[in-house]
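In: Turn this into a structure:
(2 chains)
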Amino acid sequence: MWFNEIINGAGLGLRTSFIEEIFEYDVKPDWFEFAPENWIRKGGYLKECFEKVRENFPVACHGLSLSIGSPEPLNMDFLKELKDFLDFYEIEIYSEHISFSSVEGKNLYDLFPVPFTVKMADFISDKVCYVQDYLKRELILENISYYQVIYKELDENEFIKRILEKSGAKLLLDVNNVYVNSVNHGYDPFDYIRTFSSEEVAYIHIAGHEKLSENLIIDTHGERVTENVFELLRFALKHLGKKPVLLERDNNIPPYKELLEEYKKVREIVQSYERV
Amino acid sequence: MYSHMKEFEIQKEFFKNLISGDKYSIYREIVFNNIDDTCSKAFPIAKSLLKEKWNKLIEDFIRFAEFRTPYLWEIPCEFIDFLKRKKVAEKYGIDFLYDLLRYEWVEIELFNRDLPKGSSEFGWNKKTFLSHTASLEKFEYPVHRIGDLSLGDLKDLKGEYFLIIYTSPEDYEVSYFQITEFLYDILKRLENKTMIEVVEEVSESYNVDLQEIVEDLENFFITLCKEKILI
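Out: Residues are numbered from 1 along each chain as shown, chains lettered A, B, ... in the order given. Sure, this is the predicted structure:
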């Protein structure tokens, strides 16, 4: 796949809490991923640090505010700012979420599940095509974690599969989200992953979660990755073959040195499947 | 083709409940935490002053705010307007609240702006501008000294405070100069005029003998150029 010429191996989500320390350690992530929303309309010292990372590492952008599943047209002002940003920093890889976060122009800054129906899949697919044409980039879409099914005619994996087929977009397979949803909604996470072929999956996310009860896990990105999720990652890599994998940590971020230890574990797993 | 989908109504209903419904939803908690976290980080002192009222204000903010920006980090600016509309300072007797919020937000804004490139030499006959990494502010309370003053002192020191808040090119820290109203007026009028034109104009309106202050002024302006406040 074309994006494997840009990102390979194991990446790390870029956060301001450690952005100044990246060059201080011998262990360097193979690539970084960041949200464009955290850098657009910003300058200053941290932006200089960001630019240094951009100059020295392969990168991918992972958006938060596109709200592709909103029941209304896309925010064109935002899309323009996004395109300018991607073009300016020569970033080719851009992923987003199959979700919505705004209605009638009001944003709530979280990723909400859309109704899993054929019509909704087609509506989103049309929007994805528009975004791809506008940005002149192939869109990569992530399966989100969700705590409520707001309406359903299709299973989530069938719903996503239809969007990928109709729009030609690729999947960002978030293995932690698959695990979280499998517990919260009672399905087999291995079957879910088997739904997707290697050609459909661009890259993989992995993160930690918090278990509140037997049937409720919250996708916090604030803990270490659990062994269950590592097991699912190994299964995904076996099923899909070599894929770039990204470790996300958004909350409760440990000192960078400690985070690198977890990163190294992810990289070892990724490398062991690259050799197969 | 997609204009009257039942799915849209379901989404709108779900969204409405997040904003103003009574039904518990884990998503309501997540939305609350996101907005609370963003505003708390921007305004830690205001949060500690408002104590138990803070959570209710965040809930109301989510309900009534427009949230047009796709950038979460810009939300604290909208929170200031919201608190003003709700007359929170008046209601809870925190007279200096709006000044404090403004000061904290200006710090965030300036920190996130690029410093001007190159250096600028001071010249009386040059057109001089205020850099976008500096902000001229007028406050009723000395909120810039909130670290050294008790809240009671702050309240008692109501007056007029003129500040240049700026990002230092040395260490990127946001800092300030407290200045006189006279200097504030000079810097406020810097727009497509040479420094000497502005200074003469303002000196006249203040009945100040320019010759007596010209050396001090020049030294001050040289400092401002070094700090990239004037460009």
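In: show me where chain B has helices.
Out: Remark: helices assigned in chain B by DSSP state H are B:6-20, B:26-42, B:44-50, B:53-64, B:75-85, B:88-92, B:97-111, B:151-156, B:181-188, B:195-206, B:210-226.
In: lowest-confidence stretch among those?
Out: Among the helices of chain B, helix B:151-156 carries the lowest mean pLDDT, at a mean of 87.
In: Go ahead and name everything in contact with that one.
Out: B:49, B:95, B:96, B:141, B:142, B:143, B:145, B:146 (C-beta atoms under 8 Å, 6 or more residues apart in numbering or on different chains). Glycine gets a C-beta too; all of them are placed from N, C-alpha and C.
In: Roughly how far does the first one sit from chain A?
Out: Using C-beta to the nearest C-beta, to the nearest Å, we find residue B:49 at a distance of 25 Å from chain A.
In: What is the burial count for the nearest residue to that residue once chain neighbours are set aside?
Out: Counting by C-beta to C-beta, 6 or more residues apart in numbering or on different chains, residue B:49 lies nearest to residue B:94, which is 5.6 Å off, once chain neighbours are set aside. Close neighbours of residue B:94, defined as other C-beta atoms under 10 Å in any protein chain shown, add up to 19.
In: what does residue B:162 give?
Out: Neighbours of residue B:162 under the rule other C-beta under 10 Å: 19.
In: And it, how far from residue B:187?
Out: 9 Å (C-beta to C-beta, to the nearest Å).
In: Next: residue A:163.
Out: Counting by C-beta to C-beta, the gap from residue A:163 to residue B:187 is 55 Å.
In: Residue A:156 too?
Out: 58 Å.
In: What is the burial count for residue 220?
Out: No chain specified, so I'll use chain A. 19.
In: was after chain B, sorry
Out: When neighbours are counted by other C-beta under 10 Å, residue B:220 registers 17.
In: residues contacting it?
Out: Residue B:220 makes contacts with residue B:183, as judged by C-beta under 8 Å, 6+ apart.
In: re the thing from before, can you put the helices of chain B in CSV and add distance to residue A:11?
Out: Formatted as CSV, the helices of chain B follow (distance: least, C-beta to C-beta, whole Å):
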stretch, distance to residue A:11
helix B:6-20, 32
helix B:26-42, 24
helix B:44-50, 33
helix B:53-64, 33
helix B:75-85, 28
helix B:88-92, 44
helix B:97-111, 27
helix B:151-156, 47
helix B:181-188, 47
helix B:195-206, 51
helix B:210-226, 42
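In: Can you check which of these gets nearest to residue A:212?
Out: Between residue A:212 and these, the tightest spacing by C-beta to C-beta is seen for helix B:26-42, at 9.3 Å.
In: So which elements touch the closest one?
Out: Helices and strands touching helix B:26-42, by 3 or more C-beta pairs under 8 Å, 6 or more residues apart in numbering or on different chains; DSSP states H and E, are strand A:106-112, helix B:6-20, helix B:53-64, helix B:75-85, helix B:97-111.
In: Can you tell me the strand partners of the shortest one and which way each runs?
Out: Just to be clear, that refers to strand A:106-112. In the sheet, strand A:106-112 lines up against strand A:100-103 (antiparallel) (DSSP bridges).
In: Show me the contact partners of stretch B:93-109.
Out: The set of residues external to stretch B:93-109 that reach it, using C-beta under 8 Å, 6+ apart, is B:42-43, B:45-46, B:49-50, B:76-77, B:79-80, B:83-84, B:88-89, B:135, B:137, B:139-141, B:143-144, B:146, B:154-155, B:158, B:165, B:174.
In: Would you mark the buried spots in that stretch?
Out: For stretch B:93-109, the neighbour count (16 or more other C-beta atoms under 10 Å in any protein chain shown) marks B:94, B:96-109 as buried.
In: got the residues of the stretch 101-250 of chain A near chain B?
Out: Within the stretch 101-250 of chain A, the positions adjacent to chain B are A:102-110, A:112, A:114-115, A:117, A:119-120, A:123, A:126, A:147-148, A:150-151, A:218 by C-beta under 8 Å from any C-beta of the partner chain.
In: got the helices and strands packed on helix B:26-42 as JSON lines, with distance to residue A:223 columns?
Out: Shown next, in JSON lines, are those (distance: least, C-beta to C-beta, whole Å):
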{"stretch": "strand A:106-112", "distance to residue A:223": "19"}
{"stretch": "helix B:6-20", "distance to residue A:223": "25"}
{"stretch": "helix B:53-64", "distance to residue A:223": "25"}
{"stretch": "helix B:75-85", "distance to residue A:223": "26"}
{"stretch": "helix B:97-111", "distance to residue A:223": "29"}
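In: Quick check on the contacts of stretch B:93-109: which are buried?
Out: Buried residues within those, counting neighbours by 16+ other C-beta under 10 Å: B:42-43, B:45-46, B:49-50, B:76-77, B:79-80, B:83, B:88-89, B:135, B:137, B:139, B:141, B:143-144, B:146, B:154, B:165, B:174.
In: Tell me the secondary structure at residue A:60.
Out: Using DSSP: H, G, I helix; E, B strand; the rest coil, the structure places residue A:60 in strand.
In: need the contact list for residue B:127.
Out: B:192, B:193, B:194.
In: ok, now with 10 Å
Out: Shown in contact with residue B:127 (C-beta atoms under 10 Å, 6 or more residues apart in numbering or on different chains): B:190, B:191, B:192, B:193, B:194, B:195, B:197, B:198.
In: okay, now the third one: neighbour count?
Out: Other residues near residue B:192 come to 7 when the count uses other C-beta under 10 Å.
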